Each structure stands twice: as structure tokens, then as C-alpha cells.
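Enquirer: Predicted model, plus sequence, below.
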Amino acid sequence: MERPPIRTMEEFAELVGLSRPTVSKYFNEPGSVRAKTRERIEAAIKQSGFRPNMFAMNLNRRRSNILGIIIPNSTDPFYMALTRRVELIANEAGLLAVLLSSDGNPELEERAIETLKSLNIAGAIIAPLGASSHHDTLSELGKSIPLVYVDSPLDETSSFVGTDNRQSFRLIVDYLCRSGEPPCYLGMPGVNTNAHTRELAYVEAMQSLGMMPEILETASHRNWDFEKFGFDEMLKRLKSKKSLPTRTVLCANDRIAFGAIAAAWQSGLKVGRGDAFDIRIAGHDDHPLSRYACPPITTVAQNYDEIGRLATQLLLSRLDEEDPPPDGKRILLEAQIMLRSSA
């Protein structure tokens with residue numbers, strides 16, 4: 001007669017002939033039980049196909065083996081590259097990474113936070129919406145578990161791993177000034193702290209070279225559709241009587257540069273460097289698709305893998321502390337310039 005499927009830890013412990021605490025100990029940390037016991041349990045797993053409900057197990061622990069990740073956009077290659085690195089390191093450490101997206105919506109971000117809290121997560125890596133984030137909810141969560149922010153910090157006291165915007169903008173502005181007309185700046189919607197810090201970094205870089213900063217006036221937006229923003233704002237400028245102050249445009253990020261290049265093409269302008277071209281357009285981030293744009297985008301590269309690695313290491317180091325307080329540690333990485341055809 002066929003044995004009914006094993007559904008609970010108690011039923012599995014009865015099948016293998018061991019106590020439930022011993023079986024539970026194995027599933028929490030296989031190396032914590034004797035080799036013969038481990039072999040016995042693994043043979044029973046193979047025979048029965050049993051898999052414990054890890055989420056239910058975590059709810060009963062003081063500290064679970066689940067790490068949370070919240071990002072603003074699950075389809076953006078930047079966030080995918082970063083979270084893939086986090087997931088790999090978490091898995092190597094015996095931890096389960098749960099990824100949730102806020103899809104640029106503050107209400108979905110709050111729901112994602114509540115979902116992670118219900119899973120009794122040990123800690124989380126978060127790319128916050130920033131200006132529209134639920135600061136109080138995130139601050140309250142940070143009092144009970146370690147949080148590390150990436151892409152942009154929540155505030156001046158939060159633990160953060162990301163790119164040194166001041167260094168990266170000095171790099172790209174210096175190159176653009178040496179190789180052609182000084183750049184004007186096409187900013188980004190004010191969706192997170194990058195909008196302000198990158199504009200400030202551009203201004204500082206221009207002033208350090210004795211140049212006058214030229215910031216293009218844009219409409220006020222609070223959405224993450226950066227490509228459309230770049231396209232609309234550039235096209236509006238090119239169609240108006242208000243011409244560009246310079247033939248070089250530095251965009252706040254590569255996604256805005258995608259839109260700006262499309263607008264220039266639609267306006268009949270040739271984008272690239274040299275006398276045969278009408279306008280230069282550069283970006284920031286080295287988005288995974290920037291090398292395949294037409295023309296390929298000159299930009300500065302954020303090290304996605306290193307940001308993911310250091311953020312996870314910082315989070316894991318804090319998990320080993322008893323009742324870890326917010327430490328506010330910041331790790332800023334230097335960017336590298338990627339010279340391509342657009343500028």
C-alpha cells in the first residue's frame with residue numbers, strides 16, 4: 001500500500017525514527033548533527049521527498065535565516081545585477097533571500113516592508129524610493145533588525161553602500177571639458193536622494209574646473225519612467241526657441257540618456273564626438289544596456305557586483321551582533337569612466 005505523503009516535521013521525524021528537535025536541528029544547520037544522523041535524514045528525504053516549510057520554521061525562531069531585499073523596479077537590469085550578487089552570497093551563507101519590488105509605488109513599498117516583517121526576517125538590503133518612502137516605517141524596522149541601503153541612502157544616518165557621486169561626476173565632467181564643449185546637465189526626477197546629490201556633484205565638478213554650471217530647467221516629476229523623462233525633456237528643449245546652452249549634455253543616469261539620444265535622433269541631430277556630429281550626450285551608471293545603445297553611451301560605471309557584495313557582507317557582519325544598533329556605516333565606491341561613441 002502506498003505511503004501517504006509526509007506533510008509535517010512530526011511525520012518526517014516519525015518516518016526517520018529520530019526526535020523532532022534532532023530533525024529540526026538538521027534542517028536549521030546540517031553540519032550541527034553527527035555524520036551518521038545526517039546520512040540517515042538525507043536518505044529519508046530522498047525516499048519521501050519531504051521538504052519542510054521554511055517560512056513556518058522561521059516564524060518560530062528568534063532570528064530567522066531569511067534576508068529581505070526591496071528594490072524599486074524588478075525589471076531594471078541595474079537592480080537585477082545587484083540583487084543576483086546578494087542572492088548568491090546569501091545562499092553561500094546558508095540564508096534565503098526574498099526579493100520584493102515596490103514598482104516605484106510608496107504604498108507597495110510599505111506593503112513589502114510589512115511582508116518582510118511578517119516573515120521574521122533577520123535583516124534586509126533596501127533600495128528605497130527615497131523622497132516618497134515611508135521613512136517612519138523603515139526607521140522603525142531598522143530599530144529591530146539590521147538594514148543596509150543601496151543605490152541611495154534613506155537619510156544621513158542610514159548604513160549605505162553605493163557609488164561616490166562626487167568622484168564619478170568629477171571624472172566625467174573633467175573628461176567632457178577636456179574633449180569638447182563643457183556639459184550642461186539634464187537631471188532626473190526627484191524620486192530619491194540621487195536627484196539632489198548628483199546635481200550638486202555636477203555643480204561642484206564644474207566649479208572646480210572654473211566653469212559655469214548649466215542646469216537644464218525641467219518639469220517636476222515623481223515617477224521612475226526615466227527614459228520617457230529624458231526623451232520628453234530633451235525634445236521639449238530642442239523644439240523650443242530656448243536652445244541648449246552647449247552642444248554637450250550630461251545626463252543624471254544612463255536611462256535618461258537613452259531618452260535624450262532618442263529625442264536628438266528624432267530632431268535630426270547626429271549624436272557623437274567629433275566635427276561630424278551635432279551633439280554629445282553622456283550618462284552615469286554604465287547601465288547594462290548602455291553599450292548597446294545607438295550610439296553606445298559614454299558614461300561612468302557603478303560596480304554592481306561590488307556594491308552587492310559589500311552590502312551583503314556589511315549586513316551579515318551585523319547579524320552576528322546581539323541586538324545590533326544602527327551603525328550608520330557608509331561605503332562609497334569609486335566609478336570608472338567608460339569611453340564610447342556618444343561623447
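Expert: The structure has been received and is ready for your questions. Numbering: from 1, shown residues only.
Enquirer: isn't Arg170 right up against Ala205?
Expert: Yes. Arg170 lies in contact with Ala205 (Cβ atoms under 8 Å); the separation is 4.7 Å. All C-beta atoms are positioned from the backbone trio N, CA, C, and that covers glycine.
Enquirer: For stretch 172-191, buried residues please.
Expert: The neighbour-count check on stretch 172-191 (16 or more other Cβ atoms under 10 Å) flags 172-173, 175-177, 180, 182-191 as buried.
Enquirer: what's the span of it from first residue to last?
Expert: Distance across stretch 172-191, first residue to last, is 23 Å (Cα to Cα, to the nearest Å).
Enquirer: same check, this time on stretch 293-308
Expert: First-to-last residue span, stretch 293-308, Cα to Cα: 25 Å.
Enquirer: how far does it sit from the chain's center?
Expert: 13 Å (Cα atoms, centre = their mean, to the nearest Å).
Enquirer: same thing with stretch 104-118?
Expert: Put simply, stretch 104-118 sits 16 Å off its chain's centre (Cα atoms, centre = their mean).
Enquirer: Which residue ranges of the stretch 51-200 of the chain form helices?
Expert: For the stretch 51-200 of the chain, applying DSSP state H, counting those that start in this stretch gives helices covering 54-59, 77-92, 106-118, 135-144, 165-179, 194-208.
Enquirer: Next, format these as TSV and append mean pLDDT and distance to Ala43.
Expert: Formatted as TSV, those follow (pLDDT from 0 to 100; distance: least, Cβ to Cβ, whole Å):
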stretch	mean pLDDT	distance to Ala43
helix 54-59	52	21
helix 77-92	88	24
helix 106-118	86	35
helix 135-144	77	40
helix 165-179	97	54
helix 194-208	95	53
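Enquirer: among those helices, which is nearest Asp254?
Expert: helix 77-92 (8.7 Å; Cβ to Cβ).
Enquirer: Mind listing what's buried along the closest one?
Expert: Buried, per 16+ other Cβ under 10 Å, within helix 77-92: 78-83, 85-87, 89-90.
Enquirer: Closest one of the buried residues of stretch 172-191 to Glu140?
Expert: Minimum distance to Glu140 across those is 22.3 Å, recorded for Val191 (Cβ to Cβ).
Enquirer: ok, the buried residues of stretch 172-191 vs Ile45, which is closest?
Expert: Taking Cβ to Cβ as the measure, Val191 is the one of these closest to Ile45, at 46.2 Å.
Enquirer: quick one: the closest one and Leu235, what's the gap?
Expert: Distance from Val191 to Leu235, counting by Cβ to Cβ, to the nearest Å: 21 Å.
Enquirer: Then Arg198?
Expert: Between Arg198 and Leu235 the computed distance is 22 Å (Cβ to Cβ).
Enquirer: Okay then, goodbye and thanks.
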